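**Q** Starting from these lines, generate the structure:
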Amino acid sequence: MKRLSALLIALAMMAFAAQPAFAKTTKVMNYSAAGLKGKTVKGYCWTSSNASPRADAFRCMIGNSIMDPCFKVNAKLVACPQNLVANTGTLISLTKPLPSPNANVHAKPWSFQLAGGSGIMCNAGTGTVVGNYPYYCNGNLVCSVPAPVKGSPTLFVSQCGTPSGPMSVKGVQKMYVLTLWQ
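**A** Predicted coordinates:
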């Protein structure tokens, strides 16, 4: 399984070595918790999200499990997305009032999908971060904060590679972003 993951990452990274003709824009989505489909469970939120700087994003508990980010639907319900494309995840029926919202709001994305049909999703790390690569992606890939391409403010790229130690990344390449969620 590790070999298959490594092979898929290597193929995805090779596909992005040169700017592909299809990469013209990155779709920027302002995530809405409305309509999220999933199981409703009881839990609570105790602080603002580590993953998302949005004022309506929280870090929540279900039993002994942390969910981050979870977005306010109303005063008694938050939605914790797990599959953004399908808009599915977990809904938390709150057992305590929500904490004060994050006052330090800026437009940093909390999740993005790499272009090229790879299906690789990246999420903001909520624990230890590898160097300047705060996004963890499926397949043991880490990426930098997406930034607009010079001369094309609607196309974003991220530097991505494989962690090779606590603070180093190998095989770093520029990868284009298909969709990012704020």
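**Q** Now do the contacts for the closest residue to residue 81 other than its chain neighbours.
**A** In this structure, residue 81 finds its nearest non-sequential neighbour in residue 89, 4.2 Å apart by CB to CB, 6 or more residues apart in numbering. Heads up, the C-betas are built off the backbone N, CA and C, glycines and all. Residue 89 makes contacts with 36-38, 79-83, as judged by CB atoms under 8 Å, 6 or more residues apart in numbering.
**Q** Mark which of those are buried, thanks.
**A** 36, 38, 79-81 (16 or more other CB atoms under 10 Å).
**Q** which of the contacts of residue 89 lies closest to residue 113?
**A** Proximity of these to residue 113 (CB to CB) peaks at residue 83, which lies at 11.2 Å.
**Q** Tell me the confidence at that closest one?
**A** Residue 83 is assigned 90 on the pLDDT scale.
**Q** repeat for residue 67
**A** Listed pLDDT for residue 67 reads 96.
**Q** Was I right to think it contacts residue 81?
**A** No: using CB atoms under 8 Å, residue 67 is not in contact with residue 81; the gap is 9.6 Å.
**Q** Surely residue 168 and residue 142 touch.
**A** No: the criterion here is CB under 8 Å, and residue 168 misses it with residue 142 at 10.4 Å.
**Q** that older thread, where does the residue nearest to residue 81 sit, in terms of helix or strand?
**A** strand 88-94 (DSSP states H and E).
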